[in-house]
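>>> Sequence first, then the predicted structure:
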Amino acid sequence: MYLIVGLGNPGKEYEATRHNIGFKVIDELARRLGVTSLKSRCQAFIAQTKIGEHKVIIAQPQTFMNNSGPAVRGLLDWYKIDPRKLILIYDDVDLEVGQLRIREKGGAGGHHGVESVIAGLGTTEFTRVRIGIGRENLTGDVTGYVLQNIPPAQREILAGAVVSAADKIQYTVSGGVLGDE
């Protein structure tokens with residue numbers, strides 16, 4: 001069984017922000033997999049479904065981005081999933097808008113949500129799907145930047161990245177090989 005977690009912030013005011021790109025990938029996977037509703041468990045909205053022959057839990061923590069670790073840890077414990085079967089999806093200012101990078105392990109790269117997950121799990125050995133949101137006009141305040149709504153000029157690019165990330169996650173879970181785009 002896999003746990004696929006998209007990081008983001010709960011609430012209508014954050015729906016269209018750069019920081020919620022992980023939630024958007026979970027929404028895309030839910031749509032593709034015929035999930036019509038999410039239920040609450042372990043401080044997250046979740047659904048149990050299948051990708052190919054593999055059972056998966058898709059999840060959106062409701063703890064706010066920088067406190068995602070306890071929710072992810074809780075879900076891994078509840079469903080008895082090895083952290084190496086975790087796929088974590090999140091935004092990355094160090095990648096160009098729309099660029100994807102997938103890695104099986106590594107550090108947090110300064111991302112506080114990922115730092116929280118690493119602290120909660122006590123390991124860096126889980127798959128990350130990073131989606132580039134760029135640094136366009138970023139003048140120091142990263143928090144303000146990531147909490148801005150996605151600008152119109154980037155919406156189509158990031159919508160394509162969401163679709164591509166969902167494609168790669170489905171391929172990976174179905175037995176494919178990880179790769180970058």
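In hand now; what should we look at? Numbers count the residues shown, from 1 in each chain.
>>> Tally up the residues packed near Arg32, please.
Residue crowding around Arg32 was assessed by other Cβ atoms under 10 Å; the count is 14. The C-beta positions use only the backbone N, C-alpha and C, and glycine is treated the same way.
>>> swap that for Thr139, please
Other residues lying near Thr139 total 7 when counted by other Cβ under 10 Å.
>>> Surely it is in a strand?
No - when the secondary structure is assigned by DSSP: H, G, I helix; E, B strand; the rest coil, Thr139 falls in coil instead of a strand.
>>> Tell me which residues touch it, please.
The neighbours of Thr139, taking Cβ atoms under 8 Å, 6 or more residues apart in numbering as the test, come to nothing; the list is empty.
>>> And it, how far from Gly110?
With distances taken as Cβ to Cβ, to the nearest Å, Thr139 is found 17 Å from Gly110.
>>> what's the answer for Arg41, then?
29 Å.
>>> between these two, who's got more neighbours?
Arg41 (17 against 11).
>>> what's across from that one in the sheet?
On the basis of DSSP bridges, Arg41 is bridged to Ala44.
>>> Per-residue pLDDT of it, please?
Reported pLDDT at Arg41 in the predicted model: 93.
>>> pretty sure it contacts Trp78?
Yes - because the distance of 6.6 Å satisfies Cβ atoms under 8 Å, Arg41 is recorded as touching Trp78.
>>> I'd like the next helix or strand past the helix or strand of the chain with the lowest mean pLDDT.
When each helix and strand of the chain is scored by mean pLDDT, DSSP states H and E, helix 142-146 comes last, with a mean of 87. The element immediately downstream of helix 142-146 (helix or strand, assigned by DSSP states H and E) is helix 152-173.
>>> same for that next one, what does it pack against?
Applying 3 or more Cβ pairs under 8 Å, 6 or more residues apart in numbering; DSSP states H and E, one finds that helix 152-173 makes contact with strand 2-6, helix 21-32, strand 44-51, strand 86-92, strand 100-103, strand 127-132.
>>> what's the average pLDDT for that helix?
For helix 152-173, the mean pLDDT works out to 96.
>>> Enumerate the positions of it that are buried.
When neighbours are counted by 16 or more other Cβ atoms under 10 Å, the buried residues of helix 152-173 are found to be 154, 157-158, 161-162, 164-166, 168-170, 172-173.
>>> CA atoms only for it, dumped as CSV, please.
Output in CSV follows, covering the C-alpha atoms of helix 152-173 (Å, rounded to 0.1, in the frame of the first residue of the first chain):
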residue,chain,number,x,y,z
PRO,A,152,-2.7,34.1,-14.7
ALA,A,153,0.4,33.8,-16.8
GLN,A,154,1.5,30.7,-14.8
ARG,A,155,-1.9,28.9,-14.4
GLU,A,156,-1.7,26.9,-17.6
ILE,A,157,1.9,25.9,-17.0
LEU,A,158,1.2,24.8,-13.5
ALA,A,159,-2.1,23.0,-14.5
GLY,A,160,0.1,21.0,-17.0
ALA,A,161,2.6,20.3,-14.2
VAL,A,162,-0.2,18.9,-12.0
VAL,A,163,-1.4,16.6,-14.8
SER,A,164,2.2,15.5,-15.5
ALA,A,165,2.9,14.9,-11.8
ALA,A,166,-0.3,12.8,-11.5
ASP,A,167,0.8,10.8,-14.6
LYS,A,168,4.2,10.1,-13.1
ILE,A,169,2.8,9.1,-9.7
GLN,A,170,0.3,6.6,-11.4
TYR,A,171,3.2,5.2,-13.5
THR,A,172,5.5,4.9,-10.5
VAL,A,173,2.9,3.1,-8.3
